[in-house]
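Colleague: Make a model of this:
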Amino acid sequence: MNAAGDRVDVLMFVEDPGAANYVAPLPRMLHLIDGIHTSVLAREPAASQLRSLGAKFLTVGDDAHAEAVISEQHPNLVMVGTSENPDSLGLALIDLSKEKRIPTIGVVDSRANVEHRFGGGTDNPHAHAPDIVIVPDEQTRHAFLSLGFHEEKVVSCGHPHYDHVRDERRRLEEVGAEQLRRSHGFAPAKNQTIIVFCAEISAGLKPQQFLRSAEYTLSGDARHSQRTEIVLDEFLAGFNAQKEKPYLVLRLHPKNDREDFAEFLSNFDLISEGGSSLEVVFCGDLIVGMTSVILTEAALLGRATVSIVPRLSERDWLPTIAMGITKTCTTSKEILEVFSDELEAHQPDATALDLGLPKDSTERVCRLIASVLDQGILDHEPRFSLDANRLNSQ
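Modeller: All right, here's what the predicted structure looks like:
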């Protein structure tokens, strides 16, 4: 994994696509800023996501152990992206690094399920907590503080991937939506509205919340019990009630298989999987999903977004909902109403996006990493003030 004699300042490990998005731009910027050498290790499906982003990484097998990784890499800092795997190698790397007094950073890409990010299958949110937690926004930071995390150990730095999305928007606008639609197989009728539904897996850090329960405010088809299926039922019912039928595209999540939605496929004009999700989203007029980061990406690309969630509590999972940019529906009535609105009513506010999802996050995260490398930790307490405002102004 690491050639003998190579210096590794920062070891990064990811296994989920969201974490892969977060770390992908960091190695190049770290090297440009301070000559910091980074080694990125990944498992699927993060490996596929890094590959699609053109990032350099090494693949590690399911049989890899933390002791062997640390012994081979000899890092000065270990940085781990959280995942939906309670037995993640990342958690073991955090634990072992703390034993060896190697500073640790945990990367959290969204507000969803913060109480389970470092629990490792336990009810203790601090069970495998790193020295520092980097989060994408203030809502996520406050969620960690409410769990008892020290305010100086949770830092809101923004999301490096959003810098990439903004860059991609400029490129995609030069290419043009019509050309991209042709290249991705879109074939709508003239002036037909294109709706892209972004699927998710019905699983996560707390599996029972992705199954029908008394908390669910959406019913769907009685035959279905999984979150995504129920939302798909309601989504399709909402559009079947519309007079003018849109061109419907189902965009599969990297963890989805087409067979997962076999009974729904005939309702869509196009099934999209693999390739650039940003290009597919840019092809749409309205992007509908649940709480996946793809809705935030779509808003940054200038697309109207709607989130359909089966529980009121899930409205806190997506930053653009809290910012009033992504319209959210939790009942069948709200779905009918929101899809009866004019498309212009859902267009994202660029000023609000820039305030809530600040630019230049990649550089901000890298400054924090450089500070940890430079100043280290003492008894696993920061030796320095992790002031997000100070980081923003440097």
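
Colleague: correct me, but I271 touches R258?
Modeller: Yes: using Cβ atoms under 8 Å, I271 makes contact with R258 at a distance of 6.5 Å. Bear in mind the C-beta positions are built from the backbone N, C-alpha and C, glycine included.

Colleague: joint contacts of these two?
Modeller: Common contact partners of I271 and R258 (Cβ atoms under 8 Å, 6 or more residues apart in numbering): L252, L265.

Colleague: more neighbours, the two?
Modeller: Neighbour totals were compared for I271 and R258, and I271 leads with 15 against 11 (other Cβ atoms under 10 Å).

Colleague: dump the residue contacts of the more buried one.
Modeller: Taking Cβ under 8 Å, 6+ apart, one finds V249, L250, L252, R258, L265 in contact with I271.

Colleague: Which helix or strand contains the first one?
Modeller: What that stands for is V249. V249 belongs to strand 247-251 when assigned by DSSP states H and E.

Colleague: Centre of the chain to stretch 128-142, how far?
Modeller: 14 Å (Cα atoms, centre = their mean, to the nearest Å).

Colleague: sorry, that was for stretch 123-142
Modeller: Worked out by Cα atoms, centre = their mean, stretch 123-142 lies 15 Å from the chain centre.

Colleague: With stretch 71-89 instead?
Modeller: Going by Cα atoms, centre = their mean, where stretch 71-89 is centred and where its chain is centred differ by 18 Å.

Colleague: ditto for stretch 138-146
Modeller: On Cα atoms, centre = their mean, the centre of stretch 138-146 falls 16 Å from the chain's centre.

Colleague: Please point out which parts of that stretch sit buried.
Modeller: Within stretch 138-146, the residues that qualify as buried by neighbour count (16 or more other Cβ atoms under 10 Å) are Q139, T140, R141, A143, F144.

Colleague: quick one on the thing from earlier: who does the helix or strand following the strand holding V249 pair with, and is each partner parallel or antiparallel?
Modeller: Following strand 247-251 in sequence order, the next helix or strand is strand 270-272 (DSSP H and E). Sheet partners assigned to strand 270-272 using DSSP bridges are listed as strand 247-251 (parallel).

Colleague: neighbouring contacts of the partner strand?
Modeller: So strand 247-251 is contacted by 186-189, 192-199, 239, 261, 264-265, 267-273, 277, 280-281, 283-284, 294 (Cβ under 8 Å, 6+ apart).

Colleague: same thing but 7 Å
Modeller: Here strand 247-251 makes contact (Cβ atoms under 7 Å, 6 or more residues apart in numbering) with 188, 192-199, 261, 267-272, 277, 280, 284.

Colleague: Sketch out the low-pLDDT regions of this protein for me.
Modeller: For the chain, the stretches flagged by pLDDT under 70 are 1-6, 202-207, 209, 377-394.

Colleague: tell me which residues of stretch 104-124 are tucked away?
Modeller: Buried, per 16+ other Cβ under 10 Å, within stretch 104-124: 104-114, 116-120.

Colleague: just checking, which of those belong to strands?
Modeller: Cross-referencing these against strands under DSSP state E gives T104, I105, G106, V107.

Colleague: Pick the one among the residues you listed closest to E337.
Modeller: V107 (37.3 Å; Cβ to Cβ).

Colleague: residues in contact with that closest one?
Modeller: A19, Y22, V23, M79, V80, G81, T82, I134.

Colleague: ok, now L89?
Modeller: Neighbours of L89 in contact, by Cβ under 7 Å, 6+ apart: F13, A64, A66.

Colleague: Just among those residues, which is most surrounded?
Modeller: F13 (30 neighbours).

Colleague: Confirm that that residue sits in a strand.
Modeller: Yes: the assignment for F13 by DSSP: H, G, I helix; E, B strand; the rest coil puts it in a strand.

Colleague: I'd assumed L355 was in a helix, is it?
Modeller: Yes: under three-state DSSP, L355 falls within a helix.

Colleague: From K190, how far out is it?
Modeller: Going from L355 to K190 by Cβ to Cβ, to the nearest Å gives 37 Å.

Colleague: More neighbours: these two, which one.
Modeller: The neighbour comparison of L355 against K190 (other Cβ under 10 Å) goes to L355, with 10 against 4.

Colleague: which residue packs closest to the more buried one, ignoring adjacent ones?
Modeller: Closest residue to L355 apart from its sequence neighbours, by Cβ to Cβ, 6 or more residues apart in numbering: M323 at 8.0 Å.

Colleague: repeat for C283
Modeller: R181 (4.8 Å).

Colleague: Off-centre distance for stretch 264-271?
Modeller: Counting by Cα atoms, centre = their mean, stretch 264-271 comes out at 25 Å from the chain centroid.

Colleague: And that stretch, end to end?
Modeller: 10 Å (Cα to Cα, to the nearest Å).
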